[in-house]
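Asker: My questions concern the predicted model and sequence given below.
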Amino acid sequence: MNTKTPSILSTTIFGIAATVIVTAIITRPELILDALLSNKAVGQAFVISLGLFFIIWIYRRDLRDFNEAQRIAAEAQRIARIEAEARAEVLRIEAKAEAEAFRIEAEAEAEAQRIARIEAKARAKALIIKAKAKAEESRKIAKKAQAKKERLERIRREVLAEVGEDLIKEAKEAAKIEFEKEEAELKEQLKKEILKELKEEALEALRSNA
């Protein structure tokens with residue numbers, strides 16, 4: 001609503017009327033009084049002018065209050081709009097921050113998975129290397145065992161070639177006799193130990209009964 005033009009118009013009319021009335025009252029008050037008393041039309045015009053003067057004065061005051069109210073309402077709307085824009089900006093910043101946090105979290109998780117894959121590959125590679133080393137060591141031990149077996153077999157053949165079959169039989173018989181002797185001694189020793197244990201148990205039983 002455009003209130004500027006009515007305000008200017010009312011101010012102009014109010015100023016002209018006030019100037020005319022004040023000038024007339026100051027310069028020729030007796031003429032105004034005579035005119036009001038002698039001429040009914042002049043008196044009515046004066047009364048109407050005076051009424052218009054007060055109407056315009058009240059209208060200007062109400063218009064000023066209305067303009068002030070409109071200004072306050074416009075200012076309130078402007079503040080509300082600024083607050084709404086500020087809230088929208090805050091929400092936008094919060095949404096952006098949340099999206100950024102999600103992005104950083106996703107990147108961190110992806111990086112953790114990548115590191116885990118690298119660690120798993122490194123562990124698998126280390127296990128493969130360890131297994132290869134053990135296999136190589138086993139092959140070396142097997143080669144050594146095979147070489148030792150072949151060397152012993154060669155020595156045995158050489159000894160057999162040197163001493164002959166008769167000496168081998170004698171050696172086997174002597175070994176068998178020695179083994180049987182040792183076995184008999186061991187059995188005798190075991191018998192003695194068993195008899196000793198039985199005697200001790202019997203003595204212990206007698207002591208308990210006594």
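Answerer: Now that the structure is in, tell me what you want to look at. Keep in mind it's a predicted model, so treat the numbers as computed, not measured.
Asker: going forward, measure contacts between C-alpha atoms and count neighbours the same way
Answerer: Fine.
Asker: Low-confidence regions, this structure specifically.
Answerer: Within the chain, the stretches with pLDDT under 70 are 1-51, 53, 56, 59-63, 159-168, 209-210.
Asker: okay, now residue 176: neighbour count?
Answerer: Using other C-alpha atoms under 10 Å, residue 176 has 12 other residues around it.
Asker: er, residue 70 I mean
Answerer: 14.
Asker: Summarise which helices and strands the helix or strand that contains residue 204 is packed against.
Answerer: Here residue 204 sits within helix 40-209, counting by DSSP states H and E. If contacts are counted by 3 or more C-alpha pairs under 8 Å, 6 or more residues apart in numbering; DSSP states H and E, helix 40-209 sits against helix 4-27, helix 29-38.
Asker: how close does residue 90 sit to residue 83?
Answerer: Counting by C-alpha to C-alpha, to the nearest Å, the gap from residue 90 to residue 83 is 10 Å.
Asker: for residue 206, that is, sorry about that
Answerer: 110 Å.
Asker: likewise residue 72?
Answerer: Applying C-alpha to C-alpha to residue 72 and residue 83 gives a distance of 16 Å.
Asker: Please apply the same query to residue 205.
Answerer: Distance from residue 205 to residue 83, by C-alpha to C-alpha: 107 Å.
Asker: try residue 57
Answerer: Counting by C-alpha to C-alpha - residue 57 and residue 83 are separated by 38 Å.
Asker: between the two, which one's more packed in?
Answerer: residue 57 (15 against 12).
Asker: Tell me how far the more buried one lies from residue 173.
Answerer: From residue 57 to residue 173 the distance is 155 Å (C-alpha to C-alpha).
Asker: How many residues are close by residue 122?
Answerer: So residue 122, with other C-alpha under 10 Å, has 12 neighbours.
Asker: likewise residue 67?
Answerer: Using other C-alpha under 10 Å, the number of residues around residue 67 comes to 17.
Asker: same question, residue 54
Answerer: Neighbour tally, residue 54, other C-alpha under 10 Å: 13.
Asker: same check, this time on residue 66
Answerer: 13.
Asker: Check the gap between residue 123 and residue 133 for me.
Answerer: In terms of C-alpha to C-alpha, residue 123 sits 15 Å off from residue 133.
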